[in-house]
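**Q** Compute the structure for the input listed below.
(chains A and B)
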Amino acid sequence: MYLSTLNLKDYRNYRQLECEFCPGINMITGANAQGKTNLIEGIYYLSIGKAYRLAKDEQLILWGAKSFQIKASAENRRGRTNIEIRYHQEEKPAKMASVGGLRLTKMEELSGALTSVLFSPDSMAIIKGSPQERRNFLDYDISQISFNYGRNIYKYKRLLAQRNALLKKLGPLPLRLEDKKEKLLIWDQQLVECGSHIIEKRLAVIEKLAPLARLAQRKLTAGKENIELNYVLCHKNNIDEGKDKDIAAFLMEAREDSIKEDLRCGSTQWGPHRDDLTVALDGVNLKQYGSQGQQRTGVLALKLAELEFFRGESGEYPLLLLDDVMSELDENRQLQLLNFINEKSIQCLITATEARNLNLREKRQIKRFLVDKGKIEEFR
Amino acid sequence: MTGLFHALVMQELMEQFGKLPGIGPKTAQRLAFFVLSLSKEEVKAFSQALVNAKETMTLCPVCFSLTDVTPCQVCRDETRDRQVICVVEETTDVFSIERARDYRGLYHVLHGSISPMEGRQPEDLKIKELLARFAGEEGSRINEVILATNPDVEGETTALYLARLLKPLGIKATRIAHGIPVGGNLEHADAATLAQALEGRRIID
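**A** Here you go, the predicted structure:
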């Protein structure tokens, strides 16, 4: 799959941008604060239906404008698909999306229209950051291949917010614990059902991602390091304990155990919104004990695994967005990454502050762009 | 900041329009100025209509839909099937179902759905009133309750809650189906609706 054209209107610092990308490597250069990352963010928006830097939609609108628009054409084996997203702050619904000319009623239906993998300096947070970062890593990937997963996440968040509101209200009331539990039950049953779908899907995806990451890591370190991925349920230390159990029963148990605590703090202490993913090197947690270099290699291995994962799911490699990461990687890792992209004919968008010479072994189509104050220009 | 401010009476009028659902400050301003363009008689008729509606409409003591007669047109209609009650969130839902002309049973309006975030608990809805309807001779004739709350998280929860209450009473609770609009085209259906329609598929004999 590759992105052939991109159109941004009043998005971040772009008043109007039209751009044609090549299926090979697209080098985007420009000084700092000219809009390179905004461009990448706009493209990734089409993959996950929102901005990845946790920006709100109204913050994405160009200063002084009232709406933004992202339009793109994606090419895959079956042909070309036009994707469009429009956000208008005064209209209702504010956000509208269409794929192939058909209007979507839910943003989650964007799933799979343009699959992409994003690698930016922020990606280091997958290893260094909070559990939230790792859940996002999983969720962004899974929602790109499964529409239903996105729906479940949405539903789960709503159920959770309702349950937490009820917990806050019930907490200080002079009722018996049993009565409070009874009042919560109607939400808990749904939360458990929806939550177990989410966890089951995450487990299934990790099962596929783990061997791919392991393979990539061994390749990057000449067979010296083994990377392991493990899903950690917040309630128990290890999923193995719950392996033979069905997840719903497991969550029901977690609910039972933490109901007093839930009522005390007015929020739900169990469920997929509290789970984590651990990344370990030969049994040692990479977050706590990995060196800077090991962590970087680990993230790179995860990103390469993502590429292979998407190919396994859809039969095609996704588009790879490399936002200012070349400077983060040493020469050897850069070369390995570029060779991988090259071998597999993956479309790649690379941003950097200065044009660099890509030491590619084979010749590939390369297009070069210069971004300057919200304008983009191709140059040779 | 300097700028032109509206006369106080206009500000008050706009504030009133702004209270209406779906009306933002700009539309409120447009509506307020529109009112000025009307003749005095028209404005009087308009304000009178508001007052009349508010003074006349009350809640039906049986089904709690908004009505101008008590009991409401449906509840007093002897030709309706008194064995079935259709439970909806709002009076407007009653009108939607009546438009279909296919349903001949009774209604019960809950006035909302269970939503702790908005401070609505089961006890804030007309649920006690629903249960009260099963008492007595009239009540013993009811054998089915159709749960027609909205298919969102809160509506589903309300339906689940009611189903749980009704079960021990031996009353059959049914949930309306979700799926493809009739006369619609499969290709125009959204993925969520399609997925649900597929899940709820049935055998054709």
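**Q** Just the residues contacting the longest helix belonging to chain B, thanks.
**A** Counting by DSSP state H, the longest helix found in chain B is helix B:40-56. Helix B:40-56 is touched from outside by B:35, B:38, B:68, with contacts defined as C-beta atoms under 8 Å, 6 or more residues apart in numbering or on different chains. Quick note: C-beta positions are derived from backbone N, CA and C, even for glycine.
**Q** What spatial separation is found between B:Asn52 and A:Leu8?
**A** Here the criterion is C-beta to C-beta, to the nearest Å. By it, B:Asn52 lies 53 Å from A:Leu8.
**Q** ok, back up a step: neighbour-wise, give me the winner out of the contacts of helix B:40-56.
**A** Within these, B:Val35 tops the neighbour count with 15 neighbours, counted by other C-beta atoms under 10 Å in any protein chain shown.
**Q** got a pLDDT number for the nearest residue to that residue once chain neighbours are set aside?
**A** Counting by C-beta to C-beta, 6 or more residues apart in numbering or on different chains, B:Val35 lies nearest to B:Val43, which is 6.1 Å off, once chain neighbours are set aside. Confidence at B:Val43, expressed as pLDDT, is 95.
**Q** next one: A:Glu90
**A** 85.
**Q** burial of it, as a residue count?
**A** A:Glu90: 10 neighbours (other C-beta under 10 Å).
**Q** what about it, which SS state?
**A** Secondary structure for A:Glu90, judged by DSSP: H, G, I helix; E, B strand; the rest coil, is coil.
**Q** Could you tell me how far the residue nearest to it when sequence neighbours are not counted is located from A:Tyr87?
**A** Spatial nearest neighbour of A:Glu90, excluding adjacent residues (C-beta to C-beta, 6+ apart): A:Lys66 at 6.0 Å. According to C-beta to C-beta, A:Lys66 and A:Tyr87 sit 9 Å apart.
**Q** quick one, phi/psi of A:Phe379?
**A** phi -140, psi 160 (degrees, to the nearest 10).
**Q** same thing with B:Thr67?
**A** phi -150, psi 160.
**Q** Tell me the spatial nearest neighbour of it, not counting adjacent residues.
**A** Nearest residue to B:Thr67, sequence neighbours excluded (C-beta to C-beta, 6+ apart): B:Cys60, at 4.7 Å.
**Q** quick one: the helices in the chain?
**A** Picked chain A for this. A:36-48, A:125-128, A:131-145, A:147-170, A:177-220, A:247-265, A:286-289, A:292-314, A:331-343.
**Q** my bad, chain B
**A** Using DSSP H, helices in chain B cover B:8-18, B:25-37, B:40-56, B:73-76, B:91-100, B:127-132, B:136-140, B:153-166, B:191-199.
**Q** and these, which is most packed in?
**A** Across the helices of chain B, averaging neighbours per residue (mean count of other C-beta atoms under 10 Å in any protein chain shown) puts helix B:153-166 on top, at a mean of 20.
**Q** pretty sure B:Gln29 is in contact with B:Gln11, am I right?
**A** No. Counting by C-beta atoms under 8 Å, B:Gln29 sits too far from B:Gln11 to count as a contact (9.8 Å).
**Q** Near the residue nearest to B:Thr67, how many other residues are there?
**A** Neighbour count for B:Cys60, taken as other C-beta under 10 Å: 23.
**Q** about what we covered before: give me phi/psi at the residue nearest to A:Glu90?
**A** phi -120, psi -10.
**Q** what about it, neighbour count?
**A** Residues near A:Lys66, counting by other C-beta under 10 Å: 13.
**Q** Nearest residue to the middle of chain B?
**A** B:Glu90 (1.8 Å; C-alpha atoms, centre = their mean).
**Q** Roughly how far does that one sit from B:Val62?
**A** Computed as C-beta to C-beta, the B:Glu90 to B:Val62 distance reads 17 Å.
**Q** Likewise for A:Thr29?
**A** As judged by C-beta to C-beta, A:Thr29 and B:Val62 stand 74 Å apart.
**Q** Low-confidence ranges, the stretch 201-350 of chain A, go.
**A** A:236-245 (pLDDT under 70).
**Q** Nearest to chain B: which residue in it?
**A** A:Gly266 (11.3 Å; C-beta to the nearest C-beta).
**Q** For burial, what's the neighbour tally of the residue nearest to that residue when sequence neighbours are not counted?
**A** Leaving out its chain neighbours, the residue that sits closest to A:Gly266 by C-beta to C-beta, 6+ apart is A:Lys168, at 3.9 Å. Counted with other C-beta under 10 Å, residues neighbouring A:Lys168 total 14.
**Q** what do you get for A:Leu17?
**A** Using other C-beta under 10 Å, A:Leu17 has 22 other residues around it.
**Q** who in chain B is up against chain A?
**A** Taking C-beta under 8 Å from any C-beta of the partner chain as the criterion, chain B approaches chain A at residues B:22, B:24, B:26, B:114-117, B:121, B:153-154, B:156-157, B:160-161, B:164, B:187-188, B:190-193, B:195.
**Q** Quick check, A:Ala216 in contact with A:Ala301.
**A** Yes. Here A:Ala216 reaches A:Ala301: they are 4.1 Å apart, a contact under C-beta under 8 Å.
**Q** Spell out which residues are contacts of both of those two.
**A** Here A:Ala216 and A:Ala301 have A:Ile227 as joint contacts, going by C-beta under 8 Å, 6+ apart.
**Q** My read is that A:Lys208 contacts A:Gly312, right?
**A** Yes. Look at A:Lys208 against A:Gly312 with C-beta under 8 Å: they come within range, at 6.6 Å.
**Q** Just give me the neighbour total for A:Glu378.
**A** 13.
**Q** Now do the contacts for the spatially closest residue to it that is not a sequence neighbour.
**A** Of all residues not flanking A:Glu378 in the chain, A:Phe369 sits nearest, at 5.5 Å (C-beta to C-beta, 6+ apart). Contact analysis of A:Phe369 by C-beta under 8 Å, 6+ apart lists A:19, A:26-29, A:376-379.
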